[in-house]
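Q: this one's sequence-less:
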Ligand SMILES: NC(=O)C1=CN([C@@H]2O[C@H](COP(=O)(O)OP(=O)(O)OC[C@H]3O[C@@H](n4cnc5c(N)ncnc54)[C@H](O)[C@@H]3O)[C@@H](O)[C@H]2O)C=CC1
Ligand SMILES: O=C(O)[C@@H]1CCC=N1
């Protein structure tokens, strides 16, 4: 990651809660200097206050032309938070936004039509360098700025470019929200283990190690997800019995996840209205 332009001109975070902090943690770990970071957040965490003592600019005046503004406030706070940065619009500053729902047109209306804007959808595994972020830019975002965004975001995981902004709500529903589905799978698997007589502690240890271990295997293996599933499944055995329930087209994972992902994508579309 080439941080020289950011180091010279500065990186501003508008909002630095769970997602902003996950990304900032990744960038600081890759060598971004604290003195190059400005955070605007009315409720900074203890972590941010500690960083401010060591040189990060917390709720201070912003640089005249930062290289990047990362917008990481909730969509519901956007109308209140974004207009304060209008002076940075229509210029060389790239607005990189991770907010779900909010369309690029909103940023263009608020900051000026000539503002370079890249919409990104990351996820919280960014905190451990294992995120995945999808990006799409507007007409004012140069190829150089797309590459800078890719560079920044690849410091915290994989990056994919989208073909159109219309894909963003589906992406949000799969990979943006997706980690929560997996964490809930851990909770549900542990609860099911308890129902079969295990202690809560043992059930949670087994469930957590199983989900993270299976995830790591899927990450490292060259085999497809289907093949990895088949590798566990002895004909007529225990896994096959469970999969008959989970793969039921009407009541299993496919139907439940289809409904869940649709609900998330619909909510993204609603937030964007
Ligand atoms: N948490 C996640 O897994 C993901 C979140 N996102 C997006 O990231 C954005 C932030 O989400 P989270 O970090 O989860 O929320 P959060 O609530 O943890 O963080 C939002 C931060 O914005 C601050 N804030 C509120 N009003 C502000 C204002 N007027 N000016 C500056 N800062 C202000 C809050 O104090 C808070 O620290 C959202 O737009 C969400 O859609 C995107 C992908 C994944
Ligand atoms: O729940 C949300 O709205 C955000 C967007 C994706 C993950 N968290």
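A: Right, received. Where do you want to start? Owing to the predicted nature of the structure, the values given are computational and were not obtained by experimental measurement. Numbering: from 1, shown residues only. Ligands and ions are numbered 1, 2, ... in the order given.

Q: residues of the stretch 51-200 of the chain that sit close to ligand 1?
A: For the stretch 51-200 of the chain, the residues found near ligand 1 under the criterion Cβ under 6 Å from any ligand atom are 72-75, 77, 80-81, 98-100, 121-124, 176. Every residue, glycine included, has its C-beta placed from N, CA and C.

Q: cross-check those against ligand 2 and keep the overlap.
A: Counting by Cβ under 6 Å from any ligand atom, 100, 176 from those sit close to ligand 2.

Q: buried members of the residues of the stretch 51-200 of the chain next to ligand 1 into PyMOL, please.
A: Selecting only the buried entries of those in PyMOL, with 16 or more other Cβ atoms under 10 Å as the criterion:
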select buried, resi 72+73+75+81+98+99+100+121+122+123+124+176
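
Q: the residues of the stretch 51-200 of the chain next to ligand 1: which two are farthest apart?
A: When those are compared pair by pair using Cβ to Cβ, the farthest-apart members prove to be 80 and 123, with a separation of 25.1 Å.

Q: related to what we said a few turns ago, among the residues of the stretch 51-200 of the chain next to ligand 1, which ones are in helices?
A: Among those, the members falling in helices are 80, 81 (criterion: DSSP state H).

Q: what's the closest of the residues of the stretch 51-200 of the chain next to ligand 1 to residue 241?
A: Closest to residue 241, out of all of these and judged by Cβ to Cβ, is residue 123, at 32.6 Å.

Q: correct me if wrong: that closest one contacts residue 132.
A: Yes - Residue 123 lies in contact with residue 132 (Cβ atoms under 8 Å); the separation is 6.3 Å.

Q: can you count the residues close to the nearest residue to residue 232 once chain neighbours are set aside?
A: On the basis of Cβ to Cβ, 6 or more residues apart in numbering, the spatially nearest residue to residue 232 that is not a chain neighbour turns out to be residue 239, at 5.1 Å. The burial metric for residue 239, expressed as a neighbour count using other Cβ atoms under 10 Å, is 15.

Q: looks like residue 239 contacts residue 228 (just checking).
A: No - judged on Cβ under 8 Å, residue 239 makes no contact with residue 228 at a distance of 11.8 Å.

Q: any chance you could map the strands in this structure?
A: 11-14, 37-40, 57-58, 68-71, 94-97, 117-121, 131-137, 157-161 (DSSP state E).

Q: how about the fourth one: buried residues?
A: Neighbour-count burial for strand 68-71, counted by 16+ other Cβ under 10 Å, picks out 68, 69, 70, 71.
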